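> A structural model of the following input is requested.
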Amino acid sequence: MDDISFWKMLRVTKVGTLTWKYPIFYISICLAVISYYYFSKMDAQSYADIFPYISDTIASISATLMGIILAGLAIIVGLAVGDILNLLLRGKTLQKLLFPFWLVTLLWAISTIIAISLNFVPLFVSKSVELYLLSFEVFIFTYSVFGTVGLIGSTIKIFVLIAQLVPKE
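Sure thing, here's the model as predicted:
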């Protein structure tokens with residue numbers, strides 16, 4: 001049972017495949033830098049007007065997609081039962097296929113928390129800290145969006161493996 005903690009599954013999946021070996025990581029960083037530059041050049045009134053809108057919209061999208069991913073995971077778990085699960089556990093295949101769901105759900109949760117906190121951040125910190133937090137949110141949001149698209153690939157892999165493992169009559 002010790003193989004199912006978040007950190008152990010991250011080691012099994014290999015962090016490099018989810019970061020520096022994953023092109024979307026760099027795209028997300030570029031978009032975060034561009035957003036920092038863009039928002040830092042806005043006049044104070046435009047920035048004050050758009051900041052709450054961005055915060056509310058991102059929080060809604062993040063929470064919704066987190067729920068959709070959890071529903072998709074429930075469907076996959078429901079379809080892969082019995083001997084099929086035991087076969088997928090060999091070589092930690094199941095962990096490698098399901099960990100991206102856990103990671104992307106965590107990223108959507110982080111995105112939701114940051115987006116909600118963006119409503120209150122202007123009361124406590126300077127604009128430069130707000131900009132860094134907003135840019136980090138853009139990174140997390142972008143990475144999560146592409147990660148969610150990547151989950152379609154994981155889902156297809158899972159169903160192909162299940163189809164291969166189901167005994168033919």
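> so where do the helices sit in this structure?
Applying DSSP state H to the chain gives helices spanning 6-13, 23-40, 44-79, 83-89, 93-117, 127-165.
> Any chance of JSON lines for these, columns mean neighbour count?
Yep, even glycine has a C-beta here, placed from its N, CA and C like the rest. JSON lines is the format used below for those (neighbours: other Cβ atoms under 10 Å):
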{"stretch": "helix 6-13", "mean neighbour count": "14"}
{"stretch": "helix 23-40", "mean neighbour count": "15"}
{"stretch": "helix 44-79", "mean neighbour count": "14"}
{"stretch": "helix 83-89", "mean neighbour count": "14"}
{"stretch": "helix 93-117", "mean neighbour count": "19"}
{"stretch": "helix 127-165", "mean neighbour count": "17"}
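> How about the residue nearest in space to the middle of the chain, nearest residue that isn't a chain neighbour?
Here the mean C-alpha position of the chain is nearest to the C-alpha of residue 104 (Cα atoms, centre = their mean), at a distance of 2.7 Å. Closest residue in space to residue 104, ignoring its immediate chain neighbours: residue 147 at 4.2 Å, by Cβ to Cβ, 6 or more residues apart in numbering.
> That neighbour against residue 105, yeah?
No: Residue 147 lies out of contact with residue 105 (Cβ atoms under 8 Å); the separation is 9.6 Å.
> can you list the helices of the chain in a markdown table and add mean pLDDT?
Below are the helices of the chain laid out as a markdown table (pLDDT from 0 to 100):
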| stretch | mean pLDDT |
| --- | --- |
| helix 6-13 | 70 |
| helix 23-40 | 93 |
| helix 44-79 | 85 |
| helix 83-89 | 72 |
| helix 93-117 | 87 |
| helix 127-165 | 86 |
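> about what we covered before: the residue nearest to the centre of the chain: what's it in contact with?
69, 144, 147, 148, 150, 151 (Cβ atoms under 8 Å, 6 or more residues apart in numbering).
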